[in-house]
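1. no sequence for this one, just the structure:
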């Protein structure tokens, strides 16, 4: 609609008229519709009107008259029309439709875990409709949720209070069962236990557990004997499956034979062997060397065979071919020989070739040294014989014996000693002629020489002798003098020999060498350092160095910041000056073999963060620690036996900790963004926790009359009471955390106990601890209790507590107590190992070795 306004303006001579036409805003209608419930009329339409010119009049199609309300309710299903008229008579018509609300069903399904099970369930949720609801399942159940279901499809009809219904069908599935597959490895030979079962599992839900009928729970089985094995596989859902497999074995290998005895001609015996069982094909190996199944043309004797089948299974048997007279078993039983003399010195190259006539094979022989054997041939040879007398006794098959004695000769030998230029303190005197292995470091160069013996005032010409060296990296022989320059290689045995086998004179000398393991210098630090990098620490920071060197017993630490030198194994060093420095570790063995490693350290010109109130605490005590403020961020870390009560955040310069059991706890702290110079490195603070069973440190295996130190952590303001009921007495340190103990009891199997009772009178807590100690013999001899005449054996003296070698003087006595020989003087540096040649004794068969530390 248009509106026109007219206004008159008076003038003296003229009247002016004008009109203004204003367009009205259109009417805008929006509706909100609520559906009606099933079989009821409870729908409604809420309407809002904008535009036009209020007030508005409403004319609903379902209401009488034209002055109806803006919103209508209690509506049934259908379409409703409304006409809105504003104050100026403009109109707007719109329609809205009321529909019926329906119920919405949702569900949660639990499927059946194992095949054949009935543990499925359906949990039903209803939205929409009007409560209460009724449920009718296809199975006849009337509950909202159902359980104990087998696989299948389940439908439900839900009706609300107005009789409106909704239908939903749900499918229950089941997991597939685990499926086992067993691969069998059968036994190769009868009676063995090398069968195996390889089990693989598919399906089901991993992981799987396995239970075998033999009690094993591993997936695969090995080292099995023949038999049937059953396994039960259980998957992650608890579903099980059983499988069986049988491990078989081949039949036993069996040998039999038909024997034809030898007649008067002596060599026409035969053995016809029959093989059964096992796995064909077969291979035969006879004591005669033949590999055929049958033997012919045999003299009387015993013949043994070993048969191997296709699976490498073996069976052995022996058969006797008898003689009928006139053959090899008759006539005189005699030994004939050919003797070859030995070389000079200890060069045992002699031999005796013995030929047998008469008797029946096999022959059993033994010589006077206790060495023996058997032969299926009428001859055998004794080899590698030193000079001396040898008697041989031969027994033929029927028990007849024959004995013969022979003498193996030897050329004249000159005893020459090989001297060494090695002066390492752990070795024997180079002039000592006892046969002791020299100790050298790897890649060490040593000169070895021989002093020519003087005959009739003239040094003997040794130009015809030769040097041989084994175990060396390289060696050079000096032709102008009887000497050789040897550079030894890696760890292991070595040998220097000098000798001549000429007919005029014999030289045979040997010198054994032990090349020691090369030390490997290495260490770690706390706080940790990264290999091949520069370690950064703060000024005033302490670093603990842990020695991890190999094959070393002596250590030297060199710190360039203060030029200090320490010999302890695991030192702790405080860097007090800023700058770049080095830490050098020299690791040495007892023979002064050495290795070196160096760590570069940069000491920053700033202090690490410090904590106040660091001291001993009791278990269950709560302590607050603080550091200086002024930093933007703090990083705190507490050991697992401490619980943070408050503080300890990035913005906190304090932390409150409840401490648990000891013996120690720790707090790590670093700070960043600090005003002024601040070290970024982490500071670690150790907190002593006074709790029961604090560790006592000290040796648990001691020597008689030794003095040992024992200690526990030093707790602030703590009282210590030490007790030693048996085994010794406390010399000093009573009342402190460290005591010296003199062990004066005899060597027995008794265990002695050192006890400490400690208490902190300020904190009100303490504890008790003890350590067992055994008193052992200081050292013992490791070596054989018997040795043959003219033989050599090694004896080693070892520390009973540590197993380390012991410096000793050695004395050898006969059974009557008379000293046979001794090693004295510079032999104190034997380092416990020597080789002693056996001396033939007329009154006794053995000697006693005694050593003195």
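-> That came in fine, so what should we check first? Bear in mind the structure is a predicted one, so any value in this text is a computation, not a measurement. Numbers count the residues shown, from 1 in each chain.
2. Poorly predicted segments of the stretch 101-250 of the chain, please.
-> Residue ranges of the stretch 101-250 of the chain with pLDDT under 70: 102-103.
3. Which parts of it are strands?
-> Here the stretch 101-250 of the chain has its strands, by DSSP state E, counting those that start in this stretch, at 104-110, 120-127, 134-137, 146-149, 152-159, 165-172, 179-185, 195-202, 209-212, 221-224, 227-234, 240-247.
4. Would you quantify the distance from residue 282 to residue 189?
-> 13 Å (C-beta to C-beta, to the nearest Å). All C-beta atoms are positioned from the backbone trio N, CA, C, and that covers glycine.
5. With residue 522 instead?
-> The spacing between residue 522 and residue 189, counted by C-beta to C-beta, is 51 Å.
6. ok, now which ones touch the nearest residue to residue 711 once chain neighbours are set aside?
-> Using C-beta to C-beta, 6 or more residues apart in numbering and skipping residues adjacent in sequence, the residue nearest residue 711 is residue 738, 3.9 Å away. Residue 738 sits next to 709, 710, 711 when contact means C-beta atoms under 8 Å, 6 or more residues apart in numbering.
7. pLDDT score assigned to residue 738?
-> Residue-level confidence at residue 738 comes out at 92, pLDDT.
8. next one: residue 765
-> Note on residue 765: pLDDT of 86.
9. How many residues are close by the residue nearest to it when sequence neighbours are not counted?
-> Of all residues not flanking residue 765 in the chain, residue 618 sits nearest, at 3.5 Å (C-beta to C-beta, 6+ apart). Residues within reach of residue 618, counting by other C-beta atoms under 10 Å, total 18.
10. go on, the one 10 residues further on?
-> Applying other C-beta under 10 Å, we find 16 residues neighbouring residue 628.
11. secondary structure class for it?
-> Put simply, residue 628 is coil when judged by DSSP: H, G, I helix; E, B strand; the rest coil.
12. With residue 680 as the reference, measure out to it.
-> 15 Å.
13. now residue 270
-> Going from residue 270 to residue 680 by C-beta to C-beta gives 96 Å.
14. same question, residue 656
-> Distance of residue 656 to residue 680, computed by C-beta to C-beta: 25 Å.
15. How about residue 173?
-> Per C-beta to C-beta, residue 173 is found 60 Å from residue 680.
16. Please identify which of these two sits among more neighbours.
-> residue 680 (14 against 11).
17. Am I right that that one falls within a strand?
-> No: according to three-state DSSP, the state of residue 680 is coil, so it is not within a strand.
18. which ones are touching residue 616?
-> 687, 688, 689, 690, 715, 716, 717, 718, 760, 763.
19. Please apply the same query to residue 637.
-> Residue 637 makes contacts with 667, 668, 669, as judged by C-beta under 8 Å, 6+ apart.
20. wait, isn't the first one in contact with residue 685?
-> Yes: contact criterion C-beta atoms under 8 Å: residue 667 and residue 685 qualify, at 4.7 Å.
21. so who does residue 381 touch?
-> Shown in contact with residue 381 (C-beta under 8 Å, 6+ apart): 351, 352, 353, 354.
22. at 6 Å what do you get?
-> Residue 381 makes contacts with 351, 353, as judged by C-beta atoms under 6 Å, 6 or more residues apart in numbering.
23. can you put the contacts of residue 616 in JSON lines and add distance to residue 93 and neighbour count?
-> JSON lines is the format used below for these (distance: C-beta to C-beta, whole Å; neighbours: other C-beta atoms under 10 Å):
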{"residue": "687", "distance to residue 93": "87", "neighbour count": "23"}
{"residue": "688", "distance to residue 93": "93", "neighbour count": "20"}
{"residue": "689", "distance to residue 93": "89", "neighbour count": "25"}
{"residue": "690", "distance to residue 93": "93", "neighbour count": "26"}
{"residue": "715", "distance to residue 93": "97", "neighbour count": "26"}
{"residue": "716", "distance to residue 93": "96", "neighbour count": "13"}
{"residue": "717", "distance to residue 93": "99", "neighbour count": "12"}
{"residue": "718", "distance to residue 93": "99", "neighbour count": "22"}
{"residue": "760", "distance to residue 93": "96", "neighbour count": "20"}
{"residue": "763", "distance to residue 93": "93", "neighbour count": "17"}
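24. Okay, and which of the residues you listed map to strands?
-> Among the contacts of residue 616, the ones falling in strands (DSSP state E) are 687, 688, 718, 760.
25. Distance to residue 138 and pLDDT for those residues - can I get that in JSON lines?
-> Output for these, formatted as JSON lines (distance: C-beta to C-beta, whole Å; pLDDT from 0 to 100):
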{"residue": "687", "distance to residue 138": "70", "pLDDT": "86"}
{"residue": "688", "distance to residue 138": "74", "pLDDT": "84"}
{"residue": "718", "distance to residue 138": "80", "pLDDT": "74"}
{"residue": "760", "distance to residue 138": "77", "pLDDT": "81"}
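26. Residue 404: which of those is nearest?
-> residue 688 (83.8 Å; C-beta to C-beta).
27. isn't that closest one right next to residue 713, touching?
-> Yes: counting by C-beta atoms under 6 Å, residue 688 touches residue 713, with 5.4 Å between them.
28. Can you get me a residue count around residue 675?
-> 10.
29. Can I have the buried ones of the contacts of residue 637 as a PyMOL selection?
-> Buried residues among the contacts of residue 637 (16 or more other C-beta atoms under 10 Å), as a PyMOL selection:
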select buried, resi 667+669
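30. related to what we said a few turns ago, of the contacts of residue 738, which count as buried by neighbour count?
-> For those, buried by 16+ other C-beta under 10 Å: 710, 711.
31. shaky segments in the stretch 301-450 of the chain?
-> By pLDDT under 70, the low-scoring segments of the stretch 301-450 of the chain are 323-334, 343-347, 358-359, 361, 410-415, 423-436.
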